[in-house]
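In: Fold the stuff below for me.
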Amino acid sequence: MTGHTVKPKRGRGMTRRTFLQAAVVSAGAAAVGAGASREAVAQPKRGGVLRVVLSDGNSGDSLLATKMNNTWTPIMFLTMYDPIVRLDNGFQPHPGLAESWENSNDAKTWIFHLRRGVTFHDGSPLTAKDVAYSLQYELRKESATYTGSLLRPYLSANKIKAVDRYTLRLDLDKKFVFVPNVLGIRYSLAFKEGTTDKDFLNKKPVGTGPFMFKAFTPGQSFSAVRNPNYWEHGKPYVDAVQMTNIPEEASKFQSLVTNQADLIGYVDFAMTAQLKGDSAHQPFPFMDAAWNGLCCNITVDPFNKPQVIKAMKLGLDRRQFVDTAFAGLATVAFDGPIPGSDPYFPAGLKPAGRDVAAAKSLLSEAGYPNGIDLPFDLVLVESLGVTNIAQVAKEQLAEIGVRFKIRQGGPTFWDTVYLHQPFILPDWNRRHPFEIYGLLTTTENMTKFKSADLQAALNAAAATTDFNQQKTHYGRAIHITAEQDGLIVPAYSPRLHAKSTKLQGVRPNFVSFLDFSSATLS
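Out: You can find the predicted model right below:
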């Protein structure tokens, strides 16, 4: 399931030894001059090579910018390309390549005004024809992009028009209020008119992003150099980005603590203990970035008894989950896919507190006075931290009388377990409510929960462009999920990275995962 799981894939990669042999990078490129004034020091520090180590690059990766099947590829592509709109970490749209936009005709006509003066890496100007072509390309079924799957129900390729050099018009077949949000996701990239799959695969990438392509070896490395003509004036600050793939977690961690890397992505929570007392390196969590829930198919016995689901929710000590499974770096969750920090989250919703006696009483009411041994295993996705989550859940739920075994789903989890087994623990990146609920109520309905009230709330949210009205309706949807669905989500987890304390300005996000355009090395 593309875009769900972050896991260390085994690819060709580099060992620690070959990485250290290859890491001949000047350590002093970003040093601050001894005589620098306070005013100069206050400015973003320029220069240096930002060295990043990840784990899930593989030999099947390519430069085809519509294919992003891991964390390596979005980070790589979004150093070189820009999406049309920018999303903040609450999934609200902001100006990017499109400076402004408006809608009319009941949100069926959208006009986007493009930023003037933006150039591609080859020096040619970005125009509305390039953006129109990019969207048409991404809309094709054969491109298999998420942008296409979100827009095709509303928009035909021939209804995307360049009105003039800097104006783009979309004439939708039916109302859709979240068009700007879709144009901000990682698949909504702008590239040159006429670009083909063959061009992506065989030619030097040409985008408008903060860095320009230098070199790429699938499963091993990628490098890009500063774009001196980037439209966001003055950025980027570092001279280059160098990404290296090291699949082995211990070797990846060693690359940081031996100062051969400035940042390592997607770290096991247990490794944070090794950074205690290390003044040169620190954990770098992207909070509320993912959720790992016990997903119970409520059409299957005993999960078809509401008392059992409610008992399990009351049986969890959520604070202990945060401290034990996530090394204190998570936040307490509310049995649903939306965290408390989300701008749409309802103020009045509180997480279920642990009540062992009440949980046991509910089980007895459901016909299990002595507890229950579940007739199936909890099957886990292969992802960082998931085994810890499952073990804590098993221990806590055993105290109320719900007993089960844990089983790894292996590399075929998304094909053979997901949506097939009644009790699973997957891994999901956080998404906008319209996105995640659109999935969980249709093709990705892991719990088989159906609710007319839930659908009515979602429909009402999708019928207005007014944020406050959307918040009211999504708040109702979030309440219904927490109270009635078979999702049991005790904590909202970060995507955990680690970095040198000399590195500042890297911005974790839900589009590129890691944005290096503001990064500095002191």
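
In: Where do the helices of the stretch 351-500 of the chain begin and end?
Out: Here the stretch 351-500 of the chain has its helices, by DSSP state H, counting those that start in this stretch, at 356-365, 386-398, 433-440, 452-461, 467-484.

In: Tell me which other helices or strands the third one touches.
Out: Contact partners of helix 433-440 among helices and strands, from 3 or more C-beta pairs under 8 Å, 6 or more residues apart in numbering; DSSP states H and E: helix 452-461, helix 467-484. Where you see a C-beta, it was placed from the backbone N, CA and C, and this is true even at glycine.

In: right, so of these, which gets closest to residue 396?
Out: helix 467-484 (18.4 Å; C-beta to C-beta).

In: Residues in contact with the closest one: which ones?
Out: Residues lying outside helix 467-484 but in contact with it, judged by C-beta atoms under 8 Å, 6 or more residues apart in numbering, are 92, 306, 334-338, 343-346, 349, 352, 433, 437, 449, 451, 453-454, 457-458, 460-461, 464, 487.

In: where are the low-confidence patches of the stretch 351-500 of the chain?
Out: Along the stretch 351-500 of the chain, no part satisfies pLDDT under 70.

In: Could you rerun that using 90?
Out: Applying pLDDT under 90 to the stretch 351-500 of the chain flags residues 352, 383-385.

In: next one: the chain
Out: Along the chain, the parts satisfying pLDDT under 90 run over 1-44, 141-144, 270-273, 352, 383-385, 522.

In: tell me the domain ranges of it?
Out: Domain assignment for the chain by automatic domain parsing gives 16-72+210-262+502-521, 86-197, 288-495.

In: closest one to residue 277 among the ones you listed?
Out: Of all the domains of the chain, domain 16-72+210-262+502-521 sits nearest to residue 277, with 11.8 Å by C-beta to C-beta.

In: picking up where we left off before, which of the domains of the chain sits closest to residue 269?
Out: Nearest to residue 269, of all the domains of the chain, is domain 288-495, at 4.4 Å by C-beta to C-beta.

In: Now the domains of the chain in a markdown table, please, with extra columns for mean neighbour count and distance to residue 269.
Out: Supplementary listing: the domains of the chain in a markdown table, determined by neighbours: other C-beta atoms under 10 Å; distance: least, C-beta to C-beta, whole Å:
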| stretch | mean neighbour count | distance to residue 269 |
| --- | --- | --- |
| domain 16-72+210-262+502-521 | 18 | 12 |
| domain 86-197 | 18 | 21 |
| domain 288-495 | 19 | 4 |
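
In: For residue 78, which of these is the nearest?
Out: Judging the domains of the chain by C-beta to C-beta, what sits closest to residue 78 is domain 16-72+210-262+502-521, at 3.4 Å.

In: excluding its backbone neighbours, what's nearest residue 127?
Out: Take residue 127 and drop its neighbours on the chain: the residue closest to it by C-beta to C-beta, 6 or more residues apart in numbering is residue 165, 5.1 Å away.

In: Tell me how far residue 503 lies from residue 344.
Out: 32 Å (C-beta to C-beta, to the nearest Å).

In: picking that back up, dump the helices of the stretch 351-500 of the chain to TSV, plus distance to residue 204.
Out: As requested, these are exported to TSV (distance: least, C-beta to C-beta, whole Å):
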stretch	distance to residue 204
helix 356-365	60
helix 386-398	39
helix 433-440	33
helix 452-461	43
helix 467-484	41
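
In: just to revisit the earlier point, minimum distance to residue 76: which of the helices and strands packed on helix 433-440 has it?
Out: Set against residue 76 and scored by C-beta to C-beta, the helices and strands packed on helix 433-440 come closest in helix 467-484, at 33.0 Å.

In: Next, the angle helix 433-440 makes with that closest one.
Out: When axes from the mean of the first three to the mean of the last three C-alpha atoms, to 10 degrees is applied, the directions of helix 467-484 and helix 433-440 differ by 40 degrees.

In: distance between helix 467-484 and the chain's centre?
Out: 22 Å (C-alpha atoms, centre = their mean, to the nearest Å).

In: Dump that helix to CSV, restricted to CA.
Out: Provided in CSV are the C-alpha atoms of helix 467-484 (Å, rounded to 0.1, in the frame of the first residue of the first chain):
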residue,chain,number,x,y,z
PHE,A,467,-13.0,26.4,7.3
ASN,A,468,-15.0,26.9,10.4
GLN,A,469,-18.0,25.0,9.0
GLN,A,470,-15.6,22.2,7.8
LYS,A,471,-14.2,22.0,11.3
THR,A,472,-17.7,21.6,12.8
HIS,A,473,-18.5,18.7,10.5
TYR,A,474,-15.1,17.0,10.7
GLY,A,475,-15.3,17.4,14.5
ARG,A,476,-18.6,15.4,14.4
ALA,A,477,-16.9,12.7,12.3
ILE,A,478,-14.0,12.4,14.7
HIS,A,479,-16.4,12.0,17.6
ILE,A,480,-18.3,9.2,15.8
THR,A,481,-15.1,7.4,15.0
ALA,A,482,-13.8,7.6,18.5
GLU,A,483,-17.1,6.4,20.0
GLN,A,484,-18.2,3.7,17.5
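
In: that older thread, including distance to residue 280, could the domains of the chain go into a markdown table?
Out: Shown next, in a markdown table, are the domains of the chain (distance: least, C-beta to C-beta, whole Å):
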| stretch | distance to residue 280 |
| --- | --- |
| domain 16-72+210-262+502-521 | 8 |
| domain 86-197 | 27 |
| domain 288-495 | 20 |
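
In: Looking at those, which is nearest to residue 80?
Out: Shortest separation from residue 80 across these is recorded for domain 16-72+210-262+502-521, at 5.8 Å, computed as C-beta to C-beta.

In: if I read this right, residue 349 contacts residue 333, doesn't it?
Out: No. Between residue 349 and residue 333 there is no contact under C-beta atoms under 8 Å: 10.9 Å.
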